[in-house]
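Q: Okay, predicted coordinates and the sequence, questions at the end:
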Amino acid sequence: MNDNLLNERVVYLNGEYVPESRATIPISDRGFIYGDAVFDTARTFGGKIYRLEEHVERLMRSLRYVQIDPGLGVAEFCAIANEVVSRNAHLLGPTDDYWVFLRVTRGPNYPDGPGAGAGPTVIVTCVPLPLAKRAPLFRDGIDVVVPATGRTPPEALNPAAKTHNYLNLIVAGLETQTSSPDAWPVLLDTRGFLTEGSGSNIFLVHDGKVRTPKAQYVLAGVSRAVAMDLCRDQGIEIQEDDLAPFDAATADEAFITSTSLCLCPMGHFNGAAIGDGSVPGPVTAKLMEAYRAEVGADYVEQYLSHLS
C-alpha cells in the first residue's frame with residue numbers, strides 16, 4: 001500500500017473500510033442535498049469508546065423516527081465503530097483520543113436512474129478530539145451567550161432525534177461568534193426558556209441544587225444522563241425544570257456537558273461572570289471529579305496538558 005495511505009485515517013462506508021480520501025458518496029445523496037440523515041457521536045478514553053452501545057441505541061431511535069432502515073443492528077454498529085477506531089489507533093498521539101461519528105443518510109435521490117434502490121448510506125469515521133483548541137475552556141470556563149435565534153420547536157422537529165438538520169444551531173453559533181468569537185450559544189425555546197447548544201446541555205447550580213432544561217425541549221445527551229446520575233450518586237439534588245436566562249444570570253455555578261468535553265464549567269453568561277467567578281465552583285468541581293472516576297481517565301488534565 002502507498003505509504004501516504006498508511007498515514008491516512010480509514011473510514012467505514014457501506015460495508016467497506018477505505019482510506020478517507022477515497023470515501024465518496026453520490027452528489028444526489030439525500031443526506032447531502034436535504035440533510036435527510038441522522039448521526040450520533042461518541043468519544044474514546046484510552047482508545048476505548050465510552051458508552052458506545054448507548055450512543056448506537058440513540059442512533060437507532062433517531063433512525064426509527066425518520067423511518068430509515070440501515071440494515072444493521074446495534075451489535076453490528078458497535079463492531080464497526082470499534083473496528084474503525086482500531087484501524088486508526090496507530091495515528092493517535094499518546095495523550096490523544098478520538099471523536100467517533102456514526103452517520104446514516106436515506107441514500108441517493110434517484111427515483112429510477114443510476115443508484116435507484118441503493119438504500120441508505122452508512123458512514124462511520126473518527127477524528128482526533130480538538131484538545132488544544134478547547135483546553136482553555138477548562139482553565140477559564142465556557143462563555144455562554146443567548147443568541148436572538150431560537151431553537152426549532154419540538155412541535156416542528158423532535159429534538160430527541162439527532163438529525164443532520166443543524167442549520168438552526170449553526171446560524172445561532174454564527175450569530176454568537178460575531179459578538180463573542182469564543183462564546184458558545186445556548187438557544188431559547190419559543191416560550192423564552194433555555195434549551196441547549198450545539199451538541200451540549202446546560203446545568204445551573206443554585207444553593208447547592210442542580211437544574212437542567214426539561215428533556216422534551218432538548219436532545220437529552222448521553223453525557224447529560226451521566227451528569228444527572230452522578231448528581232444522584234453524590235447526594236446532590238438534580239431537577240429538570242424550565243430555566244429562564246434570569247436563572248443563568250443569577251446562578252452560583254453553571255456547567256456544560258457534551259460528548260467531547262464530558263462536564264466543563266461555565267465562566268460567563270451573556271458577558272457577566274457566573275457567581276463569584278470561581279472556575280470551577282465547588283459543586284461543579286465535585287461532579288468533575290466524579291466524572292473522572294466514571295470514565296476512568298483524567299479528562300480535565302488531558303485537555304489542560306494541551307495548553308500552549
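A: Yep, that arrived.

Q: where along the stretch 1-150 of the chain do the strands fall?
A: 10-13, 16-19, 37-45, 48-49, 98-105, 121-128, 142-145 (DSSP state E, counting those that start in this stretch).

Q: what about those strands, which gets the closest to residue 211?
A: Nearest to residue 211 among the strands of the stretch 1-150 of the chain is strand 142-145; the distance by Cβ to Cβ comes to 15.0 Å. (Glycine included, C-beta is placed from N, CA and C.)

Q: buried set for that closest one?
A: 142-145 (16 or more other Cβ atoms under 10 Å).

Q: Repeat that for stretch 272-283.
A: 274-275, 278-281, 283.

Q: mean confidence score for stretch 256-272?
A: What stretch 256-272 shows for mean pLDDT is 97.

Q: Tell me the buried residues in it?
A: Neighbour counts over stretch 256-272 (16+ other Cβ under 10 Å) mark 256-269 as buried.

Q: Among those, which lie within helices?
A: Among the buried residues of stretch 256-272, no member is found in helices (DSSP state H).

Q: would you turn those into a markdown table with distance to residue 191?
A: A markdown table is the format used below for the buried residues of stretch 256-272 (distance: Cβ to Cβ, whole Å):
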| residue | distance to residue 191 |
| --- | --- |
| 256 | 22 |
| 257 | 23 |
| 258 | 24 |
| 259 | 27 |
| 260 | 29 |
| 261 | 27 |
| 262 | 29 |
| 263 | 27 |
| 264 | 27 |
| 265 | 27 |
| 266 | 22 |
| 267 | 27 |
| 268 | 24 |
| 269 | 19 |
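
Q: Could you pick out which of those are located in strands?
A: Counting by DSSP state E, the buried residues of stretch 256-272 place 256-258, 262-269 in strands.

Q: Distance to residue 52 for the buried residues of strand 142-145 - can I get that in TSV?
A: Listed next are the buried residues of strand 142-145 as TSV, based on distance: Cβ to Cβ, whole Å:
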residue	distance to residue 52
142	26
143	31
144	29
145	33
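
Q: so what's the residue nearest to residue 199 when sequence neighbours are not counted up against?
A: Setting aside the residues directly before and after it, residue 199 is nearest to residue 258 in space (Cβ to Cβ, 6 or more residues apart in numbering), at 5.4 Å. Counting by Cβ atoms under 8 Å, 6 or more residues apart in numbering, residue 258 touches 199-201, 221, 223, 264.

Q: let's go with 10 Å and repeat that
A: 41, 43, 134, 142, 184, 196-201, 221-224, 264 (Cβ atoms under 10 Å, 6 or more residues apart in numbering).

Q: Buried among those residues? Need that as a selection in PyMOL.
A: A single PyMOL command selects the buried members of these (16+ other Cβ under 10 Å):
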select buried, resi 41+43+134+142+184+196+197+198+199+200+201+221+222+223+224+264
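
Q: Kindly reformat the buried residues of strand 142-145 as CSV containing pLDDT and distance to residue 299.
A: As requested, the buried residues of strand 142-145 are exported to CSV (pLDDT from 0 to 100; distance: Cβ to Cβ, whole Å):
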residue, pLDDT, distance to residue 299
142, 98, 15
143, 97, 20
144, 97, 20
145, 97, 25
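
Q: Closest one to residue 17 out of these, please.
A: Out of the buried residues of strand 142-145, the member with the shortest distance to residue 17 (by Cβ to Cβ) is residue 142, at 36.0 Å.

Q: and the closest residue to the closest one other than its chain neighbours, what is it in contact with?
A: Nearest-residue entry for residue 142: residue 266, 4.9 Å, with adjacent residues in sequence omitted and distances by Cβ to Cβ, 6+ apart. Residue 266 is in contact with 137, 141-144, 184, 186, 202-205, 248, 251, 253-256, 273-275, 279-281, 284, counting by Cβ under 10 Å, 6+ apart.

Q: repeat for residue 55
A: Counted by Cβ under 10 Å, 6+ apart, residue 55 has contacts 40-43, 49, 77-78, 81, 100, 102, 162, 221-222, 259.
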